[in-house]
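Participant: got a sequence here, can you build the structure:
(chains A and B)
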Amino acid sequence: RKEVEQDPGPFNVPEGATVAFNCTYSNSASQSFFWYRQDCRKEPKLLMSVYSSGNEDGRFTAQLNRASQYISLLIRDSKLSDSATYLCVVSAFSGNTPLVFGKGTRLSVIA
Amino acid sequence: EPEVTQTPSHQVTQMGQEVILRCVPISNHLYFYWYRQILGQKVEFLVSFYNNEISEKSEIFDDQFSVERPDGSNFTLKIRSTKLEDSAMYFCASSLDSSYNEQFFGPGTRLTVL
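Facilitator: Numbering: from 1, shown residues only, chains lettered A, B, ... in the order given. Next up is the predicted model:
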């Protein structure tokens, strides 16, 4: 059973569209949740942490449902620069523990 | 803005050779990690390091791998006898402390084993 599962996409959306990504995780002991962004052949970069109450950062909104072990990311008003692979990431505890990555969902925003 | 740096950016080696990948974590960070990403696959954890010792390692991190912090700034990953399947992007990461797990990744070293 895969630890972190994501729809690989690609999602091809026009500029200005709203797009949502989902992710499920298998380890119910997971405590920390993140969305990372990875551009082609580059390192993962933290986009945002995901909190139980949900959180928003500009055009990005993340939600966590612990009961369903489900995480989501919503991007509003997509920009060309949002084109990337979005990685759902969890870790078992807070602190110095390994990050467990999903394979990522590829987004292409088209002019 | 402080960042994690890695050298070399690309390493080509023959099967069976030893390679050392180098990382300079962010200067006040205390926790260090190596991850790898085989082309087209997900990022996978290899090892974490704190207080001059390995704190956790995955099953990928077998006897062929070792890590070292030879001085106050560098953090290295050594692969003793490379195999074709070691070809991947190797990312170093560091984090500040144990209360918050934001890990900052370096740009990676692309290892190609021929």
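Participant: enumerate the residues of chain A near chain B.
Facilitator: Proximity of chain A to chain B, by Cβ under 8 Å from any Cβ of the partner chain, involves residues A:32, A:34, A:38, A:41-46, A:49, A:87, A:91, A:94-104. Backbone N, C-alpha and C define where each C-beta goes, glycine included.
Participant: go with 7 Å
Facilitator: For chain A, the residues in contact with chain B (Cβ under 7 Å from any Cβ of the partner chain) are A:32, A:42-46, A:91, A:94-99, A:101-103.
Participant: write the PyMOL selection for whichever of these are buried.
Facilitator: This is how PyMOL selects the buried members of those, with burial counted by 16 or more other Cβ atoms under 10 Å in any protein chain shown:
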select buried, chain A and resi 32+43+44+91+96+97+98+99+101+102+103
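Participant: closest one of the residues of chain A next to chain B to residue A:6?
Facilitator: In terms of Cβ to Cβ, no member of the residues of chain A next to chain B lies closer to residue A:6 than residue A:102, at 4.1 Å.
Participant: ok, the closest one - contacts?
Facilitator: A:4, A:5, A:6, A:23, A:87, A:88, B:42 (Cβ atoms under 7 Å, 6 or more residues apart in numbering or on different chains).
Participant: the fourth one looks like it's in a strand, true?
Facilitator: Yes. Counting by DSSP: H, G, I helix; E, B strand; the rest coil, residue A:23 is located in a strand.
Participant: thought it was touching residue A:89?
Facilitator: No. Contact criterion Cβ atoms under 7 Å: residue A:23 and residue A:89 do not qualify, at 8.9 Å.
Participant: quick one, which of those two is more surrounded?
Facilitator: Higher neighbour count among residue A:23 and residue A:89: residue A:89, with 28 against 25, using other Cβ atoms under 10 Å in any protein chain shown.
Participant: okay, now the closest residue in space to residue A:101 that isn't next to it in sequence: neighbour count?
Facilitator: Closest residue to residue A:101 apart from its sequence neighbours, by Cβ to Cβ, 6 or more residues apart in numbering or on different chains: residue B:43 at 4.2 Å. Neighbour count for residue B:43, taken as other Cβ under 10 Å: 25.
Participant: just residue A:25 next, same as before
Facilitator: Other residues lying near residue A:25 total 22 when counted by other Cβ under 10 Å.
Participant: ok, residue B:14 next?
Facilitator: By other Cβ under 10 Å, neighbour count at residue B:14 equals 8.
Participant: what's the answer for residue A:15, then?
Facilitator: The burial count for residue A:15: 12, using other Cβ under 10 Å.
Participant: before we move on, back to that, show me which of the contacts of residue A:102 are buried.
Facilitator: Buried, going by 16+ other Cβ under 10 Å: A:4, A:6, A:23, A:87, A:88, B:42, out of the contacts of residue A:102.
Participant: ranges for the strands of the chain?
Facilitator: Unless you meant another one, I'm taking chain A. With DSSP state E as the criterion, chain A has strands at A:4-6, A:11-14, A:19-25, A:32-38, A:44-49, A:55-57, A:60-65, A:70-75, A:84-91, A:100-101, A:105-110.
Participant: I was thinking of chain B, sorry if that wasn't clear
Facilitator: Using DSSP E, strands in chain B cover B:5-7, B:10-13, B:19-24, B:31-37, B:43-50, B:53-57, B:65-68, B:75-79, B:88-95, B:104-105, B:109-113.
Participant: let me have these in a markdown table, extended by distance to residue A:18.
Facilitator: Converted to a markdown table, the strands of chain B look like this (distance: least, Cβ to Cβ, whole Å):
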| stretch | distance to residue A:18 |
| --- | --- |
| strand B:5-7 | 36 |
| strand B:10-13 | 38 |
| strand B:19-24 | 38 |
| strand B:31-37 | 29 |
| strand B:43-50 | 27 |
| strand B:53-57 | 39 |
| strand B:65-68 | 43 |
| strand B:75-79 | 41 |
| strand B:88-95 | 31 |
| strand B:104-105 | 28 |
| strand B:109-113 | 35 |
